[in-house]
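> need the 3D shape of this:
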Amino acid sequence: MTPGPRNLITDIAGLRVGNAQDDALKSGVTVLTADAPFIASVHVMGGAPGTRETDLLAPDKSVAAIDALVLAGGSAFGLDACSGVADGLREKGRGFRVGPALVPIVPGAILFDLLNGGDKSWQENPYRALGRAALDAADSDFALGTAGAGTGALTAMHKGGLGSASFVLEDGTTVGALVAANPMGSVTTPGNRHFWAAPFEMGDEFGGLGPDPGAGLGRQVESRRMETMMEMMAERANTTIAIVATDATLTKAQCQRLAMAAHDGIARAILPSHSPFDGDLVFAVSTGARDPADPDRSLGEIGHAAALCLARAIARAVYLARPAPGDILPCWSRENDRRSG
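Model (predicted):
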């Protein structure tokens, strides 16, 4: 496996990602769409998810393909981003045809960023407009770190963010991940320098510092975020929401299995993960551009690659986050730049 040319989920041909954010709000939206409708499913392992239209993605449900996926901040308010994306897709003539009616299918998931230091005193829900803007911005290149749905994200010890990574397998199949990392847990080991995902890093994509040389790690859980949030009675303010994708042809049931396998990437990159207070969720997407020679064997390899991509994407989200006025937690880069200086 080697990273794709962009090291982004859009290394999968036909996929596009758009971001929109409001820096004063400290929140935003990320949209994944494609040149044509695509197969998707989902698996939830967190105890506090916030979603829209995810029931349609179960293998036994009748909708065969969807038009876009939305990751958004804003907690329940952020689900309205899906409406803005649906508006834009309908104008473009995209959607599920029911007689003369055209209905874009746009599942989404949200994270909680309402207490991150941003101005949340809006009079009209801003997320519908942010969703539309993110759709309009969709392209093969897009920003990571403090961008889109990751704009106001936080981890236990640092700012979170938006991350992505990819792999091209030996048979040419491409796999990628996109994540908005806002977990209760930490993405770094004690001392806040090394990433839990370091064993899976490719090159220096998140600093190249390697694994923590310490032993007995993970027994104690420290969280600057929880200390701050507990003061505001917001201990349930967490979530890592992600999309993994491949150009291999998969059924809805296989996409669901891919989403399950990809959750390993969250567990490798965040400690603790999948808590009762996180809404950890992974969508899985197939564009169907390639027919694997051995579908059963290929699914196992694709699931493994997706988990590795997701772990790397989570670390990249934190590594690439940048400081902004009003932040309540430091950026990994700012904290470690001081140490190295």
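> G279 and P59, how far apart?
Relative to P59, G279 is positioned 22 Å away (Cβ to Cβ, to the nearest Å). (C-beta placed from N, C-alpha, C; glycine too.)
> more crowded one of these two?
G279 (25 against 12; other Cβ atoms under 10 Å).
> what's the following helix or strand after the helix or strand of the chain with the lowest mean pLDDT?
One helix or strand of the chain scores below all others by mean pLDDT, DSSP states H and E: helix 224-231, with a mean of 54. For helix 224-231, the following helix or strand on the C-terminal side (DSSP states H and E) is strand 239-248.
> could you dump that following strand to PDB, C-alpha only?
Extracted in PDB, the C-alpha atoms of strand 239-248 (Å, rounded to 0.1, in the frame of the first residue of the first chain):
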ATOM      1  CA  THR A 239     -17.900  12.800  18.600                       C
ATOM      2  CA  THR A 240     -15.700  11.500  15.800                       C
ATOM      3  CA  ILE A 241     -17.600  11.300  12.500                       C
ATOM      4  CA  ALA A 242     -15.900   9.800   9.400                       C
ATOM      5  CA  ILE A 243     -16.300   8.600   5.900                       C
ATOM      6  CA  VAL A 244     -14.300   5.800   4.300                       C
ATOM      7  CA  ALA A 245     -14.500   5.100   0.700                       C
ATOM      8  CA  THR A 246     -13.200   2.900  -2.100                       C
ATOM      9  CA  ASP A 247     -13.500   2.600  -5.900                       C
ATOM     10  CA  ALA A 248     -14.000  -1.200  -5.500                       C
END
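> helices or strands next to it in the packing?
strand 66-72, strand 108-110, strand 174-182, helix 252-269, strand 281-290, helix 295-319 (3 or more Cβ pairs under 8 Å, 6 or more residues apart in numbering; DSSP states H and E).
> what about the stretch 101-250 of the chain, any weak spots by pLDDT?
Within the stretch 101-250 of the chain, the segments meeting pLDDT under 70 span 215-237.
> okay, buried residues for stretch 107-125 please.
Of the residues in stretch 107-125, those buried by neighbour count under the rule 16 or more other Cβ atoms under 10 Å are 107-118, 120, 125.
> let me redo that: stretch 16-24
Residues 16-22 are the ones in stretch 16-24 that count as buried (16+ other Cβ under 10 Å).
> would you list those in CSV and tack on pLDDT and distance to R290?
As requested, the buried residues of stretch 16-24 are exported to CSV (pLDDT from 0 to 100; distance: Cβ to Cβ, whole Å):
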residue, pLDDT, distance to R290
R16, 98, 18
V17, 98, 20
G18, 98, 25
N19, 98, 27
A20, 98, 31
Q21, 97, 33
D22, 96, 38
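> which one of those is nearest to H304?
In terms of Cβ to Cβ, no member of those lies closer to H304 than V17, at 23.1 Å.
> before we move on, what SS does the closest one have?
strand (DSSP: H, G, I helix; E, B strand; the rest coil).
> which residues touch it?
Counting by Cβ atoms under 8 Å, 6 or more residues apart in numbering, V17 makes contact with 8-10, 30-32, 138-140, 142, 164, 178.
> of those, buried ones?
In those, burial by neighbour count holds for 8-10, 30-32, 138, 142, 164, 178, counting by 16+ other Cβ under 10 Å.
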